[in-house]
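Q: Dropping the sequence and predicted coords here.
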Amino acid sequence: MKICHVISGYFRNDARVFHRQCKSLQKQNNEVVILSNDGGRNEKLDGIEIFSCNVFLKKRIFVLLFATFQFFFSAKKINADIYQFHSPELIFLGLYFKLIGKKIIYDAHEDLPRHILEKEWLLWMPTFLRKFISLATEQYLFWALKKYDRVITPHHHVLELFKKNGIECTLVANFPIIKNKKNFLLDDYLIRKKVICYTGTVYSYSNQEEILEAISDLKDVRYKIVGFFDEAHLNSLSSHKAFNQLDFSERIPWERLSEFYEMTSVGIVVYDYKLNLGGNLGSYGSNKLFEYMEAGLPLVCTDYKLWKEIIDEYKCGIYVKPGNVSEIKNAISFLLENKELAYKYGQNGRRAVEEKFNWSLHQKEYLKIFQNI
């Protein structure tokens, strides 16, 4: 089969799209291509052709308004058997390809109607108007996605909502590809410095202010972030007394993450209870949580129900309430001061990934979708 992934607003080598989905399809001898609107050059990465749209729109608002036009001619020229779309502004475009006999799949990376209620760049809008747009968007999704051959999502609450409204939907989580075969001994972990880490996109709701406050009184603790950090958000932290304990680096190649994790002692991801993430339910959509586990790092994470279940079953970290500086501080301090127990937690997390929370399990479900349609 020839399969085209159409992505808008994501990196062309995105962990979910490129490394999990595209490479899995490629291993099944499918011809896999990616169509992106990131303005980069056409290239081939690991045997996967990546094309850029003929029309490049710099501002996100223009992409949202004109995505169908932006992608239309390039997507049609590719002439794939199956198109998988990765952003809500592309849903209508998918309906066109359905009309001309193509198979179409949608990957719901987010809970769009709830996300509209919480998006920072929409907060200028009156609440009643945001609620109206959210409701209208939800009805549009229910109408349009019923026409898709399959919808996938990493979010449990989105899965249940779609199924309840007659949409064919499958849970495909962001579990890690087990790439770090090398284990490390307790002695190796004991000599690591007091470093906590955060990888990936830094969201406004990822409690960065609270984490800095939590480590401000902890001696010799460094906080390393690798990923994308909005410049305004980063600058807003510069006046914090613990800002000099923060080291930020932009995205590094996915293959080098293992090296980065080997220099750290604790992985942290503390998100607020966002509607987009199912409130206090949480989601399997977070790459970093499972990557920390795969790297053998003990966790400090939000007390989401889904994440608590993992930690309670495998004893691989400590969960905290978002916004609670005291709990975050105590969790970080405990793990850094009790390195032998922290090591055991990290090894438990690694075992959890090897046994249950790895991509190979969800890869089978994902590939089955293509076989069935």
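A: Alright, I've got the coordinates.
Q: ok, residue 162 - contacts?
A: Taking C-beta atoms under 8 Å, 6 or more residues apart in numbering, we find residue 162 in contact with 108, 145, 151, 153, 169. C-beta: built from backbone N, CA, C; applies to glycine.
Q: How far away from the center of its chain is the helix or strand where the third one lies?
A: Following DSSP states H and E, one finds residue 151 within strand 150-153. Strand 150-153 sits 15 Å away from the centroid of its parent chain (C-alpha atoms, centre = their mean, to the nearest Å).
Q: For it, name the packing helices and strands.
A: strand 103-107, helix 156-164, strand 169-171, helix 359-372 (3 or more C-beta pairs under 8 Å, 6 or more residues apart in numbering; DSSP states H and E).
Q: what residues does the shortest one touch?
A: Residues outside strand 169-171 that contact it (C-beta under 8 Å, 6+ apart): 108, 150-154, 156, 158-159, 162-163, 284, 362, 365-366, 369.
Q: How about the first one?
A: If you take C-beta under 8 Å, 6+ apart as the criterion, strand 103-107 is touched by 16-17, 21, 81-86, 91, 94-95, 97-98, 145, 148-153, 172, 369, 373.
Q: still on that earlier bit, out of the contacts of strand 169-171, who's nearest residue 312?
A: Of all the contacts of strand 169-171, the one with the least separation from residue 312 (C-beta to C-beta) is residue 284, at 16.1 Å.
Q: that's a strand at the closest one, yeah?
A: No - looking at residue 284 with DSSP: H, G, I helix; E, B strand; the rest coil, it is coil, so not inside a strand.
Q: Of the helices and strands packed on strand 150-153, give the one that comes closest to residue 118.
A: helix 156-164 (14.3 Å).
Q: Hmm, residue 367 and residue 28 touching each other?
A: Yes - Residue 28 is within contact range of residue 367, at 6.2 Å (criterion: C-beta atoms under 8 Å).
Q: before we move on, back to that, which among the contacts of residue 162 count as buried?
A: Buried members of the contacts of residue 162, scored by 16 or more other C-beta atoms under 10 Å, are 108, 145, 151, 153, 169.
Q: any idea which of these is closest to residue 335?
A: For the buried ones among the contacts of residue 162, the nearest to residue 335 is residue 153 (31.9 Å; C-beta to C-beta).
Q: how close does residue 368 sit to residue 307?
A: Computed as C-beta to C-beta, to the nearest Å, the residue 368 to residue 307 distance reads 27 Å.
Q: And for residue 88?
A: As judged by C-beta to C-beta, residue 88 and residue 307 stand 26 Å apart.
Q: now do residue 250
A: For residue 250 relative to residue 307 (C-beta to C-beta), the value is 27 Å.
Q: More neighbours: which of these two?
A: Using other C-beta atoms under 10 Å, the more surrounded residue of residue 250 and residue 307 is residue 307, with 22 against 9.
Q: pretty sure that one is touching residue 319, no?
A: Yes - Residue 307 is within contact range of residue 319, at 6.2 Å (criterion: C-beta under 8 Å).
Q: okay, and the common contacts of these two?
A: In contact with both residue 307 and residue 319: residue 301, using C-beta under 8 Å, 6+ apart.
Q: Next up, phi/psi of residue 321, please.
A: As for residue 321, its main-chain torsions (degrees, to the nearest 10) stand at phi -80, psi 130.
Q: circling back to that earlier point, using pLDDT, spot the least trustworthy of the contacts of strand 169-171.
A: On pLDDT alone, residue 362 ranks lowest of these, at 86.
Q: ok, how many other residues are close to that one?
A: By other C-beta under 10 Å, 21 other residues sit near residue 362.
Q: Verify the contact between it and residue 173 for me.
A: Yes - counting by C-beta under 8 Å, residue 173 is a contact partner of residue 362 at 5.3 Å.
Q: The helix or strand where residue 131 lies - what's its average pLDDT?
A: Assigned by DSSP H and E, residue 131 belongs to helix 127-145. Helix 127-145 comes out with an average pLDDT of 94.
Q: Between helix 156-164 and it, find me the angle.
A: Orientation check (axes from the mean of the first three to the mean of the last three C-alpha atoms, to 10 degrees): helix 127-145 against helix 156-164 gives 60 degrees.
Q: What segments of the chain are strands?
A: Using DSSP state E, the strands of the chain run over 2-7, 31-36, 43-45, 48-52, 82-85, 103-107, 150-153, 169-171, 195-202, 222-229, 246-250, 266-269, 299-302, 317-320.
Q: list the contacts for residue 222?
A: Contacts of residue 222 by C-beta under 8 Å, 6+ apart are 193-196, 245-247.
Q: again but with residue 301, I slipped
A: Counted by C-beta under 8 Å, 6+ apart, residue 301 has contacts 268-270, 289, 307, 311, 317-320.
Q: Looking at those residues, spot the one nearest residue 46.
A: residue 289 (25.2 Å).
Q: neighbours around that closest one, how many?
A: 29.
Q: One more: residue 208?
A: 22.
Q: Do I have it right that it meets residue 238?
A: No - using C-beta under 8 Å, residue 208 is not in contact with residue 238, being 11.8 Å away.
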